[in-house]
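Engineer: here's my sequence, what's the structure:
(chains A, B, C and D)
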2 protein chains.
Amino acid sequence: MGRPRAFDETEVTRAAASLFAGRTYDGISVDDLVTHLGVHRNSLYKVFGSKRGLYLAALRWHLEHRVRPLLAKVGAAPDPTQALRDMFVADTASPDLDLLLLAVVERAPVDSEVAEEVARTMRDFDAAIDLTLGDGRPVADDAPSPLAYALTAAILGLRLRVRTGVDAAGVGAVLFDRIHQPQP
Amino acid sequence: MGRPRAFDETEVTRAAASLFAGRTYDGISVDDLVTHLGVHRNSLYKVFGSKRGLYLAALRWHLEHRVRPLLAKVGAAPDPTQALRDMFVADTASPDLDLLLLAVVERAPVDSEVAEEVARTMRDFDAAIDLTLGDGRPVADDAPSPLAYALTAAILGLRLRVRTGVDAAGVGAVLFDRIHQPQP
DNA sequence: CGGGTTCAGGAACGAGCGTTCTTGACTGAT
DNA sequence: ATCAGTCAAGAACGCTCGTTCCTGAACCCG
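Structural biologist: Below is the predicted model of the structure:
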């Protein structure tokens, strides 16, 4: 019954996540979306309801299919050094944290649903870091250790710097080397 | 010659910095500005030329009168621990880094002048941290040490987390205590 | 005191925004 | 083959945005 849709909803959501990771929510217009996503205005509003609906779908997809696997890998790392290494190389290779970063900075303060999603993700983040630290503290406890809190913040801060400008001095590589094999 | 202006330009710039530190550039309208700043539309465009002009003035004022003194204090600290302590308590007390944070995330990618300002500030930031680390490396060198690069990023990341949500678990206080007096 | 300048107040503009509507082509079950 | 339902394409809507313009009133200097 009816003509089948000519676009893949998941693919559109994924592409929208990439778009929203690059610019501000207000900096991306619906015209930009329909142009770059290949889906038409009508279908967009039929499927996602609104621009905000598409953003929420993209954010949730991003947290579920990009951030969560990364945290799972980090949580399963044999030691903290390996965990940091996994996190750092994974994120410098592809900007998996950019949408989360932007959501935290600009959308969470004005959108309670976004705030809820990112708050939950940050808790998962802390828990994953605490898992690798393995200090015997019960993981199910709802409060992260201060060290995990700070490490999560530091990782986001590093992503912020890398995202901002070109790593001209190759500082990232040096940092990676030091994590991998500390100098005397 | 002519009627004297009934507002203090510097005060308006300072108030604009506070406003821009709280919300996105696109999230603040000119109506918001003229309402909260007490200056009239006409005067705003006469003095600052445009919304962007006011933003740039506010950003430069903020970097000069808020961030720079903070970096000077950090650079003059007797040791790295004291420097981190100064930075952390100063920033948690008042959100002196929020406008810089927002500028880095959302304006620098789309405004080359903003990018230039924040890039310069980040270099100053790294240099101040390197000063407190005092590893004998010439400070005038244009490349920061990897540790300073990472510490600057971590400080911004911490500010990002503190800004995002209430520090429910009092993690900040615990972190501060550990910086001040590490546990065995 | 008068002339020139800058002020405040607010209306008005064109552009762009998110959203909806209209039209017609296409599809699949009856 | 028919028809209801969904699609694509784009025009159009109401609204808000940043910016400009108009009109007096307030002020300093000569």
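Engineer: check whether A:D79 really touches A:L133, as I assumed.
Structural biologist: No - A:D79 lies out of contact with A:L133 (Cβ atoms under 8 Å); the separation is 9.4 Å. Heads up, the C-betas are built off the backbone N, CA and C, glycines and all.
Engineer: could you give the mean pLDDT of stretch A:143-150?
Structural biologist: Mean per-residue pLDDT for stretch A:143-150: 84.
Engineer: establish whether that stretch and chain B are in contact.
Structural biologist: Yes - contact of stretch A:143-150 with chain B is found when judged by Cβ under 8 Å from any Cβ of the partner chain, involving A:143-144, A:146, A:149-150.
Engineer: low-confidence regions, chain A specifically.
Structural biologist: Counting by pLDDT under 70, chain A contains low-confidence ranges at A:1-6, A:89-94, A:135-142, A:165-184.
Engineer: which SS state does A:A143 fall under?
Structural biologist: coil (DSSP: H, G, I helix; E, B strand; the rest coil).
Engineer: could you list the buried residues of the helix or strand harbouring A:K73?
Structural biologist: Using DSSP states H and E, the element containing A:K73 is helix A:68-75. Using 16 or more other Cβ atoms under 10 Å in any protein chain shown as the test for burial, helix A:68-75 gives A:70-71, A:74-75.
Engineer: and stretch A:114-125, by the same measure?
Structural biologist: Neighbour-count burial for stretch A:114-125, counted by 16+ other Cβ under 10 Å, picks out A:114-115, A:117-118, A:121-122, A:124-125.
Engineer: chain B contacts on chain A?
Structural biologist: By Cβ under 8 Å from any Cβ, the part of chain A that sits against chain B consists of A:22-24, A:26-27, A:101-102, A:104-106, A:108-110, A:115, A:118-119, A:122, A:143-144, A:146, A:149-150, A:152-158, A:160-161, A:164-165, A:168-169, A:171, A:174-175, A:178.
Engineer: coming back round to it: for the helix holding A:K73, the distance to its chain's centre please.
Structural biologist: Here helix A:68-75 is found 12 Å from its chain centre; the criterion is Cα atoms, centre = their mean, to the nearest Å.
Engineer: what about A:I155? Give its phi and psi, please.
Structural biologist: A:I155 adopts backbone torsions of phi -60, psi -40, taken as degrees, to the nearest 10.
Engineer: same thing with A:G38?
Structural biologist: Main-chain torsions, A:G38, degrees, to the nearest 10: phi 80, psi 0.
Engineer: what sits against the closest residue to it other than its chain neighbours?
Structural biologist: Nearest non-adjacent residue to A:G38, counting by Cβ to Cβ, 6 or more residues apart in numbering or on different chains: A:F7, 6.3 Å away. The neighbours of A:F7, taking Cβ atoms under 8 Å, 6 or more residues apart in numbering or on different chains as the test, are A:37-39, A:43.
Engineer: show me just the buried residues among those residues.
Structural biologist: Neighbour-count burial (16+ other Cβ under 10 Å) is assigned, among those, to A:37, A:39, A:43.
Engineer: closest to chain B among the residues you listed?
Structural biologist: Nearest to chain B, judged by Cβ to the nearest Cβ, of the buried ones among the contacts of A:F7 is A:L37 at 20.5 Å.
Engineer: how about the strands in chain A?
Structural biologist: Along chain A, counting by DSSP state E, no stretch forms strands.
Engineer: next, count neighbours for the one residue in chain A that gets nearest to chain B.
Structural biologist: Distance from chain B to each residue of chain A (Cβ to the nearest Cβ) is smallest for A:G157, at 2.5 Å. Around A:G157 sit 24 other residues, with neighbours defined as other Cβ atoms under 10 Å in any protein chain shown.
Engineer: tell me how far the residue nearest to it when sequence neighbours are not counted lies from DNA strand C.
Structural biologist: For A:G157, ignoring the flanking residues on the chain, the nearest one in space by Cβ to Cβ, 6+ apart is B:G157 at 2.5 Å. According to Cβ to the nearest atom of the strand, to the nearest Å, B:G157 stands 29 Å off from DNA strand C.
Engineer: what residues does the lengthiest helix in chain A touch?
Structural biologist: The helix that spans the most residues within chain A, counting by DSSP state H, is helix A:112-133. Helix A:112-133 is contacted from outside by A:55-56, A:59-60, A:63, A:67-68, A:71-72, A:74-77, A:79-80, A:82-83, A:100, A:103-104, A:107-109, A:137, A:139, A:142, A:144-145, A:147-149, A:151-152, B:161, B:164-165, using Cβ under 8 Å, 6+ apart.
Engineer: what's the PyMOL syntax to select whichever of these are buried?
Structural biologist: To isolate the buried subset of these in PyMOL, counting by 16+ other Cβ under 10 Å, use the following:
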select buried, (chain A and resi 55+56+59+63+67+71+74+75+77+80+82+83+100+103+104+107+108+109+144+145+147+148+149+151+152) or (chain B and resi 161+164)
